[in-house]
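Visitor: Pasting a predicted model and its sequence here:
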Amino acid sequence: MEVLTDSKIKELQIKANEIRISIIEMLMEAGSGHTAGAMGLADIFTYLYFHGMKHNPKDPFWPDRDRFILSNGHVCPVLYASMAHSGYFPIEELKTLRKFGSRLQGHPHREFMPWLETSSGPLGEGLSQVVGMAIADRIDGKMGERFFYCSLGDGELNEGEIWEAMMLAGKEKLDNIISFVDRNYIQIDGNTEDIMPLEPLADKWKAFNWHVIEADGHDFKSLDEAFEEAKNTKGKPIVIIAKMIPGKGIKEIEGNYKWHGMPPNKEQGARFLEELRILGERL
Amino acid sequence: MLNPELKLNTKLFNDDVEQVPIRKGFGQGLLIAGEADKNVVALCADLTESTQMHSFAEKFPERFIEMGIAEQNLVAVSSGMAAMGKIPFCSSYAMFSPGRSWEQIRTTASYNDQPVKIVGSHAGISVGPDGGTHQALEDIGLMRMIPNMDVISPCDAIEAKKATIALAKIKKPAYIRLVREKTPIITTEETPFEIGKAQIYWMPDVGLAQVGIIVTGGLTHHAMLAAKELEVEGIKTKVMNLSSIKPMDVEAILKLAKETKKIVTVEEHQIAGGMGSTVAEVLIQNYPVVQEFVGVRDVFGQSGKPEELIEHYGMGKDSIKEAVRKVLKRKV
């Protein structure tokens, strides 16, 4: 893996800002969708798609690629934007999000976009699928040849199936799984700790025999250390609990759970894009 | 008479007819499928022997995953394995999978187009003493409503074996419904089996049938007994084994309806949404005829002996005969 130099970090910051601009444009155009989570995740997705993950947009079905599974399907604008910006499909196509006949379904569907590893939307199911993929690699004698990344929302951890999958991954010692939790403390109805408290979250994962790493989800250096540690961990599945600011980049959205499932209207969108443009200039 | 072309078990009307649980045929089929293709894997939610996966687990321990009591995870992990080229068979009791795991089946198997094979054992009222919580009477309906999902309900252990081997070869999701108790062996190793094909097991010696009896699963022997006894009364019937509920052999069903103008459907399942409803959908759109339904009438089951329950809920041989007599009196 390429060393994360200061100039590379700068490059990633600029890319993440471009992805945030795309997310706002897509959601404005769609008139529905999930803003806060997608904006918060832009840095970690940028890190994976432009640095940390083994994939090739020019050869999307390359058998040896790492697999990326979006369990929290509702944040798909960040996935679509990361895929478009890294070359899977034209950036202009992002504006078809949630429109009739679009490859960019409101929640990801493999039938419409075959480069997706899985369809998702109903929460709690991605980690199970990652566990299945990781076990399949063990059966085939391919442990350590590639990683299975899983994006999880923190609200999503309310789902019982997540804990079923955690138990199984711990039991099977699947160190080819690198999952990360978007620890942004919000879900639709409010703050996670009011709706269904998750803390002490790291201890819970540890108790299920996972290797837990905590990271700052907006600091590329911190993310790089976390993913490098994850790749070098043996004998346990890995979870990175990434502290995230929902809506990161737009002051009006940051930390406000009301933006979980709300898109910007035209007027808000114009303001937000201006805010991101200025941010981009500073970079 | 028995359809001579299908090489059915000639001893099937004998008192000492061989009886084997349908689920056992699945276990044998899984082993054969596993030997034929190294990508066949098996997953079970803490019911390995009950669902007859133990032989596979012993022979291929590296390809068997013990999931613990977690049916949602069972299905979605299977989907993940399928995404990496495996052909997963995942089993539990039908009440728990597809019962509890329905949305995982819909999203991660069918919507996601991964060839996961859902194995629902202990389906129907004949689970017996375990009582109503364990008697899946809704699973055919639940599964047939999902797009991109085959639904197979074998009539005996031999057919279950063949169906399992066939399902391992198709690259799409499927549900196979199994029964716990021993049921009479109706077919033989020579009887042909094809997903999507219905077969006439019983037919008049001469002339046309007056009523077409369409049956699926463990009640097939009851339907055959009913047909034989009705023949003595002078009522000519054909018995069709509809083990492939989806895809459904529409052509064969319409042919039977055109011959008889009267249909009785028989299943160990709620009448609402089951195989009979599926047949009715086909008939009403193509060739409307009168139809009587033998099945559970919008109630839950209870503890009891399997035969006692089949009788009590109106699905046994005598209830089938009564339905045939009733449908004979009806006109469109």
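Guide: Received, thanks.

Visitor: near chain B, which residues of the stretch 151-283 of chain A?
Guide: Residues of the stretch 151-283 of chain A lying close to chain B (C-beta under 8 Å from any C-beta of the partner chain) are A:Gly160, A:Glu161, A:Glu164, A:Ala165, A:Met167, A:Leu168. For the C-beta atoms, the positions are set from N, CA and C on the backbone; glycine is no exception.

Visitor: so which of the residues you listed is the most crowded?
Guide: A:Ala165 (33 neighbours; other C-beta atoms under 10 Å in any protein chain shown).

Visitor: Now do the contacts for that residue.
Guide: A:Leu127, A:Ser128, A:Val130, A:Val131, B:Asn73, B:Ala76, B:Val77 (C-beta atoms under 8 Å, 6 or more residues apart in numbering or on different chains).

Visitor: Now do it against A:Phe45, distance only.
Guide: Noted for A:Ala165: a distance of 22 Å to A:Phe45, by C-beta to C-beta, to the nearest Å.

Visitor: What mean pLDDT does stretch B:184-204 get?
Guide: Stretch B:184-204 comes out with an average pLDDT of 98.

Visitor: What strand or helix carries the closest residue to B:His312 other than its chain neighbours?
Guide: The shortest distance from B:His312 to any residue other than its chain neighbours is 6.9 Å, reached at B:Gly304 (C-beta to C-beta, 6 or more residues apart in numbering or on different chains). Per DSSP states H and E: B:Gly304 is located in neither a helix nor a strand.

Visitor: Save the residues of the stretch 151-283 of chain A next to chain B as JSON lines, and put in distance to A:Ile278 and pLDDT too.
Guide: Listed next are those as JSON lines, based on distance: C-beta to C-beta, whole Å; pLDDT from 0 to 100:
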{"residue": "A:Gly160", "distance to A:Ile278": "44", "pLDDT": "98"}
{"residue": "A:Glu161", "distance to A:Ile278": "42", "pLDDT": "98"}
{"residue": "A:Glu164", "distance to A:Ile278": "46", "pLDDT": "98"}
{"residue": "A:Ala165", "distance to A:Ile278": "42", "pLDDT": "98"}
{"residue": "A:Met167", "distance to A:Ile278": "47", "pLDDT": "98"}
{"residue": "A:Leu168", "distance to A:Ile278": "47", "pLDDT": "98"}
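
Visitor: Out of these, which sit inside strands?
Guide: Among those, no member is found in strands (DSSP state E).

Visitor: So what does the nearest residue to B:Ser92 once chain neighbours are set aside look like in phi/psi?
Guide: In space, and not counting its chain neighbours, B:Ser92 is closest to B:Ala45: 4.3 Å by C-beta to C-beta, 6+ apart. With angles defined as degrees, to the nearest 10, B:Ala45 sits at phi -100, psi 70.

Visitor: For B:Ala45, the count of nearby residues, please.
Guide: By other C-beta under 10 Å, the residues close to B:Ala45 number 25.

Visitor: B:Gly27 too?
Guide: Applying other C-beta under 10 Å, I find that B:Gly27 has 26 neighbouring residues.

Visitor: Check it and give its pLDDT.
Guide: 98.

Visitor: returning to that earlier point: give the contact list for the residue nearest to B:Ser92.
Guide: When contacts are counted by C-beta under 8 Å, 6+ apart, B:Ala45 touches B:Met67, B:Gly68, B:Ile69, B:Ala70, B:Glu71, B:Leu74, B:Cys90, B:Ser91, B:Ser92, B:Phe96, B:Ser97.

Visitor: Assign the last one to helix, strand or coil.
Guide: Meaning B:Ser97. Three-state call for B:Ser97 (DSSP: H, G, I helix; E, B strand; the rest coil): coil.

Visitor: which one is it nearest to, not counting chain neighbours?
Guide: Excluding the flanking residues, the one nearest B:Ser97 by C-beta to C-beta, 6+ apart is B:Glu71, at 4.3 Å.

Visitor: and if you look at the second one?
Guide: Taking C-beta to C-beta, 6+ apart, and ignoring the residues beside it in sequence, B:Gly68 has B:Asp46 as its nearest neighbour in space, at 5.7 Å.

Visitor: CA-only coordinates of stretch B:48-64 in CSV, if you can.
Guide: Output of stretch B:48-64 as CSV, limited to C-alpha atoms (Å, rounded to 0.1, in the frame of the first residue of the first chain):
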residue,chain,number,x,y,z
THR,B,48,-28.6,-30.2,12.1
GLU,B,49,-30.0,-33.7,12.7
SER,B,50,-33.7,-32.6,12.6
THR,B,51,-33.2,-31.0,9.2
GLN,B,52,-31.1,-34.0,8.1
MET,B,53,-27.9,-32.0,7.4
HIS,B,54,-25.8,-34.2,9.7
SER,B,55,-24.6,-36.5,7.0
PHE,B,56,-23.3,-33.6,4.9
ALA,B,57,-21.8,-32.0,8.0
GLU,B,58,-19.9,-35.2,8.9
LYS,B,59,-18.7,-35.8,5.3
PHE,B,60,-17.8,-32.1,4.6
PRO,B,61,-17.1,-30.4,7.9
GLU,B,62,-15.2,-27.5,6.2
ARG,B,63,-18.3,-26.8,4.1
PHE,B,64,-20.8,-26.9,6.9
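
Visitor: which parts of it are buried?
Guide: Buried positions in stretch B:48-64, judged by neighbour count with 16 or more other C-beta atoms under 10 Å in any protein chain shown: B:Thr48, B:Ser50, B:Thr51, B:Gln52, B:Met53, B:His54, B:Ser55, B:Phe56, B:Ala57, B:Phe60, B:Arg63, B:Phe64.

Visitor: Spell out whether it and chain A are in contact.
Guide: Yes: for stretch B:48-64, a contact with chain A is found by C-beta under 8 Å from any C-beta, at B:Glu62, B:Arg63.

Visitor: circling back: what about the buried residues of stretch B:48-64, which are in helices?
Guide: Counting by DSSP state H, the part of the buried residues of stretch B:48-64 found in helices is B:His54, B:Ser55, B:Phe56, B:Ala57.

Visitor: give me every residue that touches the first one.
Guide: Remark: with contacts taken as C-beta under 8 Å, 6+ apart, B:His54 is in contact with B:Gly27, B:Thr48.

Visitor: Equivalent analysis for B:Val116, please.
Guide: B:Val116 sits next to B:Val75, B:Ser78, B:Ser79, B:Ala82, B:Pro88, B:Cys90, B:Ile105, B:Thr108, B:Ala109, B:Pro173 when contact means C-beta under 8 Å, 6+ apart.

Visitor: Confirm the fourth one sits in a strand?
Guide: No: counting by three-state DSSP, one finds B:Ala82 to be helix, located in no strand.

Visitor: ok, it - contacts?
Guide: A:Gly132, B:Pro88, B:Ala109, B:Gln114, B:Pro115, B:Val116 are the contacts of B:Ala82 under C-beta under 8 Å, 6+ apart.

Visitor: The residue nearest to B:Ser92 and A:Glu274: what is the separation?
Guide: B:Ala45 is 54 Å from A:Glu274, by C-beta to C-beta.
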